[in-house]
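[1] fold the following for me, if possible:
(2 chains)
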Amino acid sequence: GAGVSQSPSNKVTEKGKDVELRCDPISGHTALYWYRQRLGQGLEFLIYFQGNSAPDKSGLPSDRFSAERTGESVSTLTIQRTQQEDSAVYLCASSPTGYTDTQYFGPGTRLTVL
Amino acid sequence: AQSVSQHNHHVILSEAASLELGCNYSYGGTVNLFWYVQYPGQHLQLLLKYFSGDPLVKGIKGFEAEFIKSKFSFNLRKPSVQWSDTAEYFCAVRGPYGSGNTGKLIFGQGTTLQVKP
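    Next up, the predicted model:
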């Protein structure tokens, strides 16, 4: 079926504004991960969903970051009061059940905070 | 804390040259190891993985990697690169199942490989 999709592909915003990033996982995948990739760096884990619960939020960098997931489908990552250091590519990955599975990545959302 | 270090940030090779990209991790237990690749304009995709067993693992497109536990290393190799191997390569690790591990991946900073035709 279709792969992981993310929207928007690019987002430019002004410092202090809120943004929402969307992830549509592969149908039937119960596990969903968000990562962030800053320029010249590797991917950093942000949050993990199993179904619509988030047992691991350890990577969220501040309380300005939050995420939710509707059932076993769409997830939204929200960044409030964006700062320039939030500029990065935000990647979503899903896997069939979780730990033992390969994670399939989406194309990412490039966020630029001016 | 878990971390992954990739020694080479940018590698330039000519076609048919041999490739070895270094990856070292710090984790005091059993780990799963991965190499992901991102071709220009494409999604990040799995190249190969190691969970257990034979420490020499083979992946897609002729790539292989060797897990050396004593050196905490998982280097990626290919005997003869092609122009189409131009991409960014990421090494990643995750801790063993259980102990609260949720499958999150810890990534290295990536290596950009440029292959000249």
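
[2] what bridges to the residue nearest to residue A:65 when sequence neighbours are not counted?
    Of all residues not flanking residue A:65 in the chain, residue A:79 sits nearest, at 5.7 Å (C-beta to C-beta, 6 or more residues apart in numbering or on different chains). To be clear about C-beta, it is placed using only N, CA and C from the backbone, and glycine gets the same treatment. On the basis of DSSP bridges, residue A:79 is bridged to residue A:19, residue A:65.

[3] in the chain, which residue is most central in space?
    You didn't say which chain, so I picked chain A. Compute the mean C-alpha point of chain A, and by C-alpha atoms, centre = their mean the closest residue is residue A:34, 3.5 Å away.

[4] was after chain B, sorry
    Central residue of chain B (C-alpha atoms, centre = their mean): residue B:35, at 3.1 Å.

[5] which element is that one on?
    strand B:32-38 (DSSP states H and E).

[6] so what strands line up beside the helix or strand that that strand is followed by?
    Sequence-wise, the next helix or strand downstream of strand B:32-38 (DSSP H and E) is strand B:44-50. If you go by DSSP bridges, strand B:44-50 pairs up with strand B:32-38 (antiparallel).

[7] run a quick neighbour tally on residue A:109.
    Residue A:109 is flanked by 22 other residues according to other C-beta atoms under 10 Å in any protein chain shown.

[8] ok, residue A:20 next?
    Considering only other C-beta under 10 Å, residue A:20 is surrounded by 14 other residues.

[9] may I see the buried residues of the host helix or strand of residue A:77?
    Using DSSP H and E, residue A:77 maps to strand A:75-79. Using 16 or more other C-beta atoms under 10 Å in any protein chain shown as the test for burial, strand A:75-79 gives A:75, A:77, A:79.

[10] surely the second one meets residue A:49?
    No. Contact status for residue A:77 versus residue A:49: not in contact, 10.7 Å apart, counting by C-beta atoms under 8 Å.

[11] tell me, what's touching the two both at once?
    residue A:67 (C-beta atoms under 8 Å, 6 or more residues apart in numbering or on different chains).

[12] quickly check: stretch A:40-54 near chain B or not.
    Yes. Contact of stretch A:40-54 with chain B (C-beta under 8 Å from any C-beta of the partner chain) involves A:40, A:41, A:42, A:43, A:44, A:45, A:48, A:50.

[13] isn't the last one up against residue A:31?
    Yes. Judged on C-beta under 8 Å, residue A:50 makes contact with residue A:31 at a distance of 5.8 Å.

[14] residue 48 bridge partners, please.
    All of this refers to chain A. residue A:33, residue A:56.

[15] try chain B instead
    residue B:35.

[16] residue contacts, it?
    Counted by C-beta under 8 Å, 6+ apart, residue B:48 has contacts B:34, B:35, B:57, B:58, B:59, B:60, B:63, B:64, B:65, B:76.

[17] the chain: strands as residue ranges?
    I went with chain A, as the question did not name one. All strands of chain A, identified by DSSP state E, fall at A:5-7, A:10-13, A:19-24, A:31-37, A:43-50, A:53-56, A:65-69, A:75-79, A:88-95, A:104-105, A:109-113.

[18] that answer is for a different chain, and I need it for chain B
    B:3-6, B:10-14, B:19-21, B:23-26, B:32-38, B:44-50, B:56-58, B:64-68, B:73-78, B:87-94, B:106-107, B:111-116.

[19] residue ranges in chain B under the pLDDT threshold?
    B:97-100 (pLDDT under 70).
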